[in-house]
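Visitor: Pasting the sequence and the predicted coordinates here, then a few questions.
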Amino acid sequence: MTATARRAVGQPLQRVEGPDKVTGAAKYAAEYQVDGDLAYAWVVQSPVARGRLADVQVDPLLDVIAVLWHGNALPLEDSDDPELAVLQSDRISYRGQAVALVVARSLEAARRGAQELSLTIEKEPHDAVLRTDDPDLYTPDVVNPSFPSETSAGDVSVEAPVAVDVTYTTPALHNNPMEPHATTALWSGDDLILYDSNQHPAGVAATVGALFGLEPDQVHVVTEHVGGGFGSKGTARPNAVLAAMAAKVTGHPVKLALPRRALFSMVGHRTPTIQRVRLGATADGVLQVIDHEAYSQSSRLFEFAEQTAVATRHMYAAPNRRTGHRLARLDMPTPRWMRAPGEAPGMVALECAMDELAVALDMDPIELRVRNEPTVDPDSGKPFTSRHYVECLRQGAARFGWEDRDLRPRQRREGDWWIGTGVAGATYPTMAQPSTARVRDLGTQEFEVAIAAADLGTGARTILTQIAADELGVPVERVRLRIGDSTLPPASVAGGSSGSASWGWAVTGACRALRETGKSEAVFDSSELIAEQEKEGKHAFGAHFAEVRVDAVTGEVRVSRLFGMYACGRILNPRTARSQFLGGMVMGMGMALHEEGVLDPAMGDWVNHDLAEYHIPAHADVESVEAEWLDEQDTSLNPMGSKGIGEIGIVGSPAAILNAIWHATGVRVRDLPARLDKIL
Ligand code: MOS
């Protein structure tokens, strides 16, 4: 493929489904008008954190079609996700767990029925608090997805001339996609059709189908448009199973749209963490010790072991290194993926600790990082296929304006505002997963490209259209892209920042095969090529810069500027890429300043269950946020030369803001979020 043949990739093409979205023509899972007598479902959630549901009494005067609970629910086949065994047992494992489902002819009647239900519950004592002295803490065999829990090299007990030993805590964070989880379910004979909001239509079809004992070709999942997911829609959630069961039992098509408050317990969240980081260096800033221990939690139902300290393994060179994970199983909902699971909280601790070390050394924090740049991946000992971290730091600093920065805190004041700047590194692994694509010459100068991918609003449809157009040698207008349907050729999950690489690889293969064979249809499965690929040494890097001002009277923090400089391989579409980077950085701002699941240990639950009390950055919080990237060439990744970009924006941006708060005020906040009461 010559350079001139590439026309569409690299262009800021607008989202191909944009007009459908802004005119309301694009349909989301809860918006399908299905044939039949549609019924509505409302989930009844457990009011206690642990116990058993002994009985459910239904007022016979209630205007409902059915009330499902474990006493009358349809038995399901076993699943490797115990949270999908909905209504199968009398056990209550967390507050907010679905213990019953009310089905009625209107949403209002279903909700009313749920409010009027009498539950007889035997309550048991619970434990909802993550703490480092919990005797039941243990070291999981592996952390997600399959990394060793512990790594070590050298001896981290050696004394270094300059050292920091700091503990950072991050709270539970909650996925809040604009479109809450929703499913419309109907049965056609023994076949199941789900309109479901998720990140992996084929995965949801397989999982839900297995629960109901169905063959793969008996389930059809439609996921045409998705209003965000952030990981919480990566696998089937209980709403899909409940809707399918209710439709089966009642004979009605059933719509189940979770209210936003249910998201805080039913779809997964980011685990709280407690992280101890010990760094030691020579007086001139050469790292001797990196020791990162992370504590996180999972539920009684399921071991979800977040890879909090894994990013630390790849960042800096040092002769003595250790990372480890400790897990507590609590009477709480199971944590799940949330944008950069592991990397985002882990890099808060590492990159803030690096800032603290730079202060202890009286050294510029960028110089400290540059001085400890590894020549090979410290974890695997193998070279990185491309790593332009130092370039991101240096060029980012030049672009942001880092020169002449005073190393000391509390030096700049304008009126009531203390002003400071901070930096932090970012990284995210570069992955690709097997997928299959099909392309057809429609004989009308148009080509249909089909793959069961999902577009969460990120621009997946658009970049796949661009990739296909270039490979077929036609303008983008000639490409008809079909995604969002489990019956299309199988695709991997829209997660792990791997969608573009995985699906783009399959689309490239199919388009090339069509051209080479001259046939009217070609199918390409990337499994073999991906299996042969070297997985290690592939990471995206970036540097985040923040300028904050902190009100000397009130402690209010404003982020005046947030800037990310990235090295993420070839950027396929600068418009959608920029949007991903900025979204990640703004979400990082939420992590640094606003977002917090506030735990009530007595109740065993977070007390804030809506966007009035769970704070996220609003438009007025975001002043200047910018992203730029290096033109990174890496031919060893995939046919596009791309690295994933969906998650790296939230890795490092919180630490840059926290480091800037220290620089502005001299106050080191180690307990996120940095609310004003912690700064004053
Ligand atoms: Mo993302 S947390 O990999 O969906």
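Guide: Happy to help now that I have it.
Visitor: so which strand or helix has the closest residue to residue 136 other than its chain neighbours?
Guide: Nearest-residue entry for residue 136: residue 328, 6.3 Å, with adjacent residues in sequence omitted and distances by Cβ to Cβ, 6 or more residues apart in numbering. For every residue, glycine as well, the C-beta is placed using N, CA and C. Per DSSP states H and E, residue 328 falls inside strand 320-330.
Visitor: what's downstream of that strand, the next helix or strand?
Guide: Beyond strand 320-330 toward the C-terminal end (DSSP H and E), the next one is helix 343-361.
Visitor: my read: residue 584 touches residue 648, true?
Guide: Yes. Under the criterion of Cβ atoms under 8 Å, residue 584 makes contact with residue 648 at 6.5 Å.
Visitor: Neighbour count for those two, which is higher?
Guide: residue 648 (34 against 29; other Cβ atoms under 10 Å).
Visitor: quick one, phi/psi of that one?
Guide: phi -60, psi -20 (degrees, to the nearest 10).
Visitor: how far away is the nearest residue to it once chain neighbours are set aside from the ligand?
Guide: Once flanking residues are discounted, residue 648 sits nearest to residue 428: 4.1 Å by Cβ to Cβ, 6+ apart. Residue 428 is 10 Å from the ligand, where distance means Cβ to the nearest ligand atom, to the nearest Å.
Visitor: Going forward, the N-terminal residue is numbered 3.
Guide: In the new count, where the first residue is 3, that last one comes out as residue 430.
Visitor: Spit out the contact partners of residue 430.
Guide: 313, 342, 345, 499, 541-542, 645-646, 649-650, 653 (Cβ atoms under 8 Å, 6 or more residues apart in numbering).
Visitor: Kindly report the same for residue 429.
Guide: Counting by Cβ under 8 Å, 6+ apart, residue 429 makes contact with 313, 316-317, 345, 349, 391, 541-544, 650, 653-654.
Visitor: So which of those are in helices?
Guide: 345, 349, 391 (DSSP state H).
Visitor: As TSV, those residues with neighbour count would be great.
Guide: TSV is the format used below for the ones in helices among the contacts of residue 429 (neighbours: other Cβ atoms under 10 Å):
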residue	neighbour count
345	27
349	31
391	24
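Visitor: Can you sort out which of those residues also neighbour the ligand?
Guide: The subset of those within reach of the ligand, by Cβ under 6 Å from any ligand atom, is empty.
Visitor: Closest one of the residues you listed to residue 448?
Guide: Within these, the smallest distance to residue 448 is 40.8 Å, found for residue 345 (Cβ to Cβ).
Visitor: Can you give me the pLDDT of that closest one?
Guide: Reading off the confidence values, residue 345 has pLDDT 98.
Visitor: can you list the domain ranges for this structure.
Guide: 5-29+435-534, 34-127+180-230+235-268, 144-175+271-432+538-681 (automatic domain parsing).
Visitor: wait, does the shortest one contact the ligand?
Guide: Going back to what we said before, that points to domain 5-29+435-534. Yes. Counting by Cβ under 6 Å from any ligand atom, the ligand has neighbours in domain 5-29+435-534: 497-498.
Visitor: From residue 271, how far out is the residue in the chain that the ligand sits nearest to?
Guide: Closest contact between the chain and the ligand, by Cβ to the nearest ligand atom, is at residue 233 (2.6 Å). With distances taken as Cβ to Cβ, to the nearest Å, residue 233 is found 10 Å from residue 271.
Visitor: Find the residues that touch each one of these two.
Guide: With Cβ under 8 Å, 6+ apart as the test, residue 233 and residue 271 both reach 177, 338, 340.
Visitor: how about the strands in the stretch 103-252 of the chain?
Guide: 120-125, 144-145, 149-150, 153-155, 164-172, 175-176, 184-190, 193-198, 221-224 (DSSP state E, counting those that start in this stretch).
Visitor: nearest to residue 408, of those?
Guide: Taking those one by one with Cβ to Cβ, strand 164-172 is closest: 20.4 Å.
Visitor: okay, the angle between that closest one and helix 345-363?
Guide: 150 degrees (axes from the mean of the first three to the mean of the last three Cα atoms, to 10 degrees).
Visitor: From the contact counts, what lies against strand 164-172?
Guide: The elements that strand 164-172 packs onto, with contact taken as 3 or more Cβ pairs under 8 Å, 6 or more residues apart in numbering; DSSP states H and E, are strand 275-283, helix 345-363.
Visitor: So which of these is the most surrounded?
Guide: helix 345-363 (a mean of 26; mean count of other Cβ atoms under 10 Å).
Visitor: So which elements touch it?
Guide: By 3+ Cβ pairs under 8 Å, 6+ apart, helix 345-363 packs against strand 164-172, strand 275-283, strand 289-301, helix 367-373, strand 419-431, helix 655-667.
Visitor: Now render these as TSV, adding mean pLDDT.
Guide: TSV is the format used below for the helices and strands packed on helix 345-363 (pLDDT from 0 to 100):
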stretch	mean pLDDT
strand 164-172	98
strand 275-283	98
strand 289-301	98
helix 367-373	98
strand 419-431	98
helix 655-667	98
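Visitor: how about those, which one is nearest residue 242?
Guide: That would be, of those and by Cβ to Cβ, strand 289-301, which comes in at 19.2 Å.
Visitor: gap between the closest one and the chain center?
Guide: 20 Å (Cα atoms, centre = their mean, to the nearest Å).
Visitor: same thing with stretch 669-682?
Guide: 25 Å.
Visitor: hang on, the earlier thing: so which two of the contacts of residue 430 are the farthest from each other?
Guide: 313 and 645 (14.8 Å).
Visitor: Give me the more crowded residue out of the two.
Guide: residue 645 (31 against 28).
Visitor: Find the nearest non-adjacent residue to that one, please.
Guide: Residue 645's closest residue in space is residue 571 (Cβ to Cβ, 6+ apart), at 3.7 Å.
Visitor: Wait, the one you found touches residue 631, no?
Guide: No. Counting by Cβ under 8 Å, residue 571 does not reach residue 631; the two are 9.3 Å apart.
Visitor: neighbour-wise, which of those two wins?
Guide: residue 571 (28 against 23).
Visitor: Contact partners for that one?
Guide: 388, 432, 542, 634-636, 639, 642-645.
Visitor: list the contacts for the residue most central in space within the chain?
Guide: What sits nearest the mean C-alpha location of the chain, by Cα atoms, centre = their mean, is residue 341, with 2.1 Å. Residue 341 sits next to 232-233, 586, 589, 648-649, 652 when contact means Cβ under 8 Å, 6+ apart.
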